[in-house]
Structures are given as C-alpha cells and as structure tokens.
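A.B. asks: Predicted model and sequence follow; I will ask about them next.
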Amino acid sequence: MASKITAPRGTQDLIPPHSARWQELEAKIHALARRFGYAEVRTPLFEATELFVRGVGETTDIVEKEMYTFTDKGGRSMTLRPEWTAPVVRAALEHQMLARGPQRLYYVGPIFRYERPQKGRYRQSHQFGVECTGYRGAEADAEVISLGWELIRAYGIEGVSLRINSIGDASCRPRYRQALLEHFRPNIAQLSEEAQRRIERNPLRLLDSKEERDLRFVASAPHFEDFLCEECREHFASLRANLDLLEIPYSIDWRIVRGLDYYTRTVFEVSSNVLGAQSTLCGGGRYDDLIASLGGPNMPAVGFALGIERFLMVVEASRGSAAAPRAGIQAIALGAQARATLLPIVGELRRATEIPAFMDYEERKLLAHLKIADRNGARFALIVGSEELASGQAVLRDLEGRTDRRLPLLSPKDVADALVEATGGSL
RNA sequence: GUGGCUGUAGCUCAGCUGGUUAGAGCGCCGGUCUGUGGAACCGGAGGUCGCGGGUUCGUAUCCCGUCAGCCACCCCA
C-alpha cells in the first residue's frame, strides 16, 4: 500500500464491474423519464445554506445535524446538496420555468448527509427523483408513483411494497396535531425519552416510533383519516382511484409521516424486505406550499426520490449475480509482425461495431493469450501467428462453441467486414 | 451523536491461554507448453499483522487510545 489515504467515511468508489450496473440503471432511468415526458435538470453540487433551511425545514434532522456546510472565501455559507427538491424548485423559479405551465422534471445525482454510515446509508449517496409541478389533482400523484413503480417493475424486483397516506394540509393538520397531543400527553411519563422529546416539536413523528413502550399508545392513537378536511379526504380518495386505474398495488399506512417539513396531503414510501433497517427504497409525496415558501407562485407539486445504492442492492439480492454473457473479440498476435497485422484490423473493428475489441500487446504464448481472452469475457478470438501470416489465413475461434474457422487476411477493412459477417454482426 | 462486533497478503480467512525466520486457499506472474482457453503439477512475487502508545526479557496475540469497516439506534434515499 503506497498510500494510507482512503475514501472519506461513508463514501465509496464505484469500480468495475459495479460501475457497469450503474450505467445500465442510469440508461434505464433516462429512457423511462423520457417515456413519461420528464426532462432532466442538473443543479450545482452546493447551494446557499439558506435554501435548505427554508426549503427542508429548520427543525428537520437534515438541517439540524446532517448538512455539509462550509464558508466560502467570500464569507458565504454554502451547503453540499442534502436533497434535490429545494434546488430543483430554486432552479425552476430562477429560470421562470413555472410561468410556462406545468413542468415535469427529473434528476439523477449525488446528495450529501453527515450521518453515521450503516447498511443502505452513506454520507454521499445518489438519488433519482422527479418533480411534477402545476397539478393540484391526484392524477399527478398517481403519475409520479407509477413512474417509480415502472422502474421497479422493469427490473422484476420482488419483495417491495407501496404504502400511501395523507397527512392533510394547513387547514386540517393542526386539528389532528391537537388530537395527538391530547392522546399522548396524559401518558407522557410512560413514553420513551425520544417520544417525549418529539411530542411538542412534531407529534406526528411519534407515530413511526419503534420503541416497544410507545407502541401501545401509538396503536390506540387517533387516525388522521378521521381529521382530514373535505378537500384532503377527496384528494386521497382520488389518489386511490387513480392507482386502481393504473393497477398499482398499494396499502394504506396511516403511520407514514416523512421527515421533511414540506409535505402536504399525499405521502408514500416503497420499501423492500432485503435492505435491513434502512428499508425505504423510494419516498415522496405532495408539497403544495413549498414553491410559495421559496418565493415562487402559489403552485402545487408532487415528487419522489429513489436511492440508487439501495435500488441496486435490492436488484442484486433478487437476481443474484448471473454470469455476464460473452461479448467481443480478442485479437491474439504471436510475434511483432502479427501485431502489426492485427492492429489496424482491431482499429477497423472498433469502427464497424459497438462490441468490444480486446488486444494484449505482450509477447506471450498462445495459451496465455487465450487465458486473457477468457478473463475479458470475449466471445471470439482472432489468432494470427507465423503460420497464419505464411498462409494468409487467420484463425477465428469461437470461444463458446470451441470451433475454428479460417478467414483470409486481406486489407484490415475486408477482414473486419468478414468478421462482422462471420459472427452475424453480434460477435 | 450513542451502542455492539470486526481490522493479519489483491480477496476470503487461520494463527489456542504472549515464545525462534507470520500461514493456507483463491487470484496474480513464470515454467511444464511457439500453436488452441476455463484444468493439472511445479516454482515465484506479494505483509510496517489498521495506526499510536503501554505492559513485558519478548506481543499479530494482553491493556489504553485513535482511525476505519460492518450492524443497530436516531433519521432517511
């Protein structure tokens, strides 16, 4: 080990073969978003700290203890993006996008949160998410959910479930909050320490407590359902109807509350049973007041964020690690003259097909070269040595079928064409 | 921020209660083998035993600290 410097805590290097899985997923994400009519947004890695304080909420854990904040040389407080929604809204406002009507936007990229790492949780992680602005109706909620659901379906992931809830709006949440306070306060002494702390600040959060001693009080707590105002009740019913129309299976979980302040009405989570304690794969909801609170028009919006690392963990768990199919061709040259002959042929191949063409430049025995071809996962080997040079016939070996055939060594272009032809263009 | 477990070769790990030059398997490189691979056999390279301090005649082994990884709490993607 030449260097003792390692990747910072809670971060990870993305190296082969894992990087290929990421490329595949990102390609699928871009294609999927396009089919739903969503366009990509990329924002700076860091923003004015104030954006997150106002957008995410001063009393959230993210703002209180998880932000990577620094002062730049101009004395400004900056923060590494801990979530995407506030920056996307900021960008949309800054470029007057919302004045052009409803917007469908998506993003893929890193977020940073200063937390103690554990399974499925890192200091730098990556999210794919969407934001749909300008629609008050629950069709938009269902659209956003179905977009995320499609990605999960496309990967054939099992053991995931969608849970939805409504946390009301500014007109009905205070009433529910009050009811919760009245329910928990008389028993405050019997609640966990954590619960006692939450009760005044955010009583909704008591509902997702995992403490044994809290559970019996949580179980008997009033349901938000009974306190929703008429509009929120209708919105929730409409969401359910739309999910049914789209044939997306879900369950209602009145304990989902979410930790970010900006949510209104719809909240939802997709969780998996293979992720350990951090089981949320994808979470989101409606935020009808956020845009206005960031200085924009009074405009509704809904969105979600999906954890890329967690998603790939679930993919790996449900499909195992299947051996990658063989692809490409290994050019094997025995001797300097053979190398000179094969080099331009490899060049032509790389122009003619999108399949990898491998070549090793060391002087090795045929056996060693074949082992390298094997390691590269090549489907074919094109072998040229002194015999082939003399006869003008290269050997093309199918490494899967273990069969040989001969190809005349003509011009590089002709050989490349013949290879494409001989291998059906798929190599 | 709190707690538990773990740091020995590129990887997975062994090394008992401290005792001479720190081991295995896999991988890598070479040979058997200029001519047909995933094999076998033989050989080789590769280690400040995470880092620092302490105890001791002597520590990979015991103690303290520290850093990192894993898992859980909190919270979230």
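C.D. replies: Perfect, thanks for sending it. Residues are numbered from 1 along each chain as shown, chains lettered A, B, ... in the order given.
A.B. asks: By average pLDDT, which secondary structure element in chain A comes out worst?
C.D. replies: When each helix and strand of chain A is scored by mean pLDDT, DSSP states H and E, helix A:193-201 comes last, with a mean of 73.
A.B. asks: Could you list the low-confidence segments of chain A?
C.D. replies: A:1-4, A:320-324, A:424-427 (pLDDT under 70).
A.B. asks: again, only this time at 80
C.D. replies: Regions of chain A meeting the criterion pLDDT under 80 cover residues A:1-5, A:187-203, A:205-216, A:259-261, A:318-325, A:422-427.
A.B. asks: what's the domain layout of it?
C.D. replies: According to automatic domain parsing, chain A comprises the domains A:18-172+A:228-319, A:329-422.
A.B. asks: so what's the closest residue to residue A:77 other than its chain neighbours up against?
C.D. replies: Nearest residue to residue A:77, sequence neighbours excluded (C-beta to C-beta, 6 or more residues apart in numbering): residue A:49, at 4.1 Å. The C-beta positions use only the backbone N, C-alpha and C, and glycine is treated the same way. Residue A:49 makes contacts with A:67, A:69, A:77-79, as judged by C-beta atoms under 8 Å, 6 or more residues apart in numbering.
A.B. asks: Write the ChimeraX selection for whichever of these are buried.
C.D. replies: Buried residues within the contacts of residue A:49, by 16 or more other C-beta atoms under 10 Å, are selected in ChimeraX with:
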select /A:67,69,78,79
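A.B. asks: Residue A:165 falls within a strand, correct?
C.D. replies: Yes. Counting by DSSP: H, G, I helix; E, B strand; the rest coil, residue A:165 is found in a strand.
A.B. asks: Distance check, it against RNA strand B.
C.D. replies: Distance, residue A:165 to RNA strand B, using C-beta to the nearest atom of the strand, to the nearest Å: 13 Å.
A.B. asks: three-state assignment of the nearest residue to that residue once chain neighbours are set aside?
C.D. replies: In space, and not counting its chain neighbours, residue A:165 is closest to residue A:256: 4.2 Å by C-beta to C-beta, 6+ apart. At residue A:256 the chain is in coil, as set by three-state DSSP.
A.B. asks: how deep is residue A:256 tucked in, by neighbour count?
C.D. replies: 22 (other C-beta atoms under 10 Å).
A.B. asks: can you check residue A:133 too?
C.D. replies: Neighbours of residue A:133 under the rule other C-beta under 10 Å: 25.
A.B. asks: how far away is residue A:366 from RNA strand B?
C.D. replies: 4 Å.
A.B. asks: Tell me who's in contact with that residue.
C.D. replies: So residue A:366 contacts A:332, A:334, A:383, A:385 (C-beta under 8 Å, 6+ apart).
A.B. asks: Mind putting the residues you listed into a markdown table with distance to residue A:251?
C.D. replies: As requested, the contacts of residue A:366 are exported to a markdown table (distance: C-beta to C-beta, whole Å):
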| residue | distance to residue A:251 |
| --- | --- |
| A:332 | 58 |
| A:334 | 65 |
| A:383 | 60 |
| A:385 | 66 |
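A.B. asks: mind putting the contacts of residue A:49 in TSV, secondary structure and distance to RNA strand B included?
C.D. replies: As requested, these are exported to TSV (DSSP: H, G, I helix; E, B strand; the rest coil; distance: C-beta to the nearest atom of the strand, whole Å):
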residue	secondary structure	distance to RNA strand B
A:67	coil	12
A:69	strand	14
A:77	strand	19
A:78	strand	20
A:79	strand	15
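A.B. asks: Closest one of the contacts of residue A:49 to residue A:189?
C.D. replies: residue A:67 (34.2 Å; C-beta to C-beta).
A.B. asks: Skipping adjacent residues, who's closest to the closest one in space?
C.D. replies: Leaving aside its sequence neighbours, residue A:67 sits nearest to residue A:79 (C-beta to C-beta, 6+ apart; 4.9 Å).
A.B. asks: Residue A:56 is in contact with the one you found, correct?
C.D. replies: No. Between residue A:79 and residue A:56 there is no contact under C-beta atoms under 8 Å: 10.3 Å.
A.B. asks: Check which helices and strands the least confident helix or strand of chain A sits against.
C.D. replies: Identification of packing neighbours for helix A:193-201 by 3 or more C-beta pairs under 8 Å, 6 or more residues apart in numbering; DSSP states H and E yields helix A:173-184.
A.B. asks: does the helix it packs on come close to RNA strand B?
C.D. replies: No. Legend: contact between helix A:173-184 and RNA strand B by C-beta under 7 Å from any atom of the strand is lacking; minimum distance shown is 14.1 Å.
A.B. asks: host element of residue A:296?
C.D. replies: Assigned by DSSP states H and E, residue A:296 falls within no helix or strand.
A.B. asks: just to revisit the earlier point, just to check, the residue nearest to residue A:165 is in contact with residue A:208?
C.D. replies: Yes. The pair residue A:256 / residue A:208 is scored as a contact, 7.3 Å apart, by C-beta under 8 Å.
A.B. asks: For residue A:407, give me its contacts.
C.D. replies: Going by C-beta under 8 Å, 6+ apart, residue A:407 touches A:382, A:393-396, A:415, A:418-419, A:422.
A.B. asks: Tell me which residues of the helix or strand containing it come out buried.
C.D. replies: Using DSSP H and E, residue A:407 falls within strand A:403-408. Of the residues in strand A:403-408, residue A:407 count as buried by neighbour count, 16+ other C-beta under 10 Å.
A.B. asks: and after it, which helix or strand comes next?
C.D. replies: Following strand A:403-408 in sequence, per DSSP H and E, is helix A:412-422.
A.B. asks: Please list the outside residues in contact with that next one.
C.D. replies: A:329, A:344-345, A:347-349, A:351-353, A:380, A:382, A:394, A:396, A:405, A:407-410, A:427.
A.B. asks: Please enumerate the helices of the stretch 201-350 of chain A.
C.D. replies: With DSSP state H, counting those that start in this stretch, the ranges of helices along the stretch 201-350 of chain A come out as A:212-219, A:230-245, A:290-293, A:308-319, A:336-352.
A.B. asks: out of these, nearest to residue A:73?
C.D. replies: That would be, of those and by C-beta to C-beta, helix A:290-293, which comes in at 30.0 Å.
A.B. asks: Centre of the chain to the closest one, how far?
C.D. replies: Distance of helix A:290-293 from the chain centroid (C-alpha atoms, centre = their mean, to the nearest Å) equals 25 Å.
A.B. asks: Give the buried residues for that helix.
C.D. replies: Buried residues in helix A:290-293, counted by 16+ other C-beta under 10 Å: A:290-291.
A.B. asks: which secondary structure elements does that helix contact?
C.D. replies: helix A:49-56, helix A:85-94.
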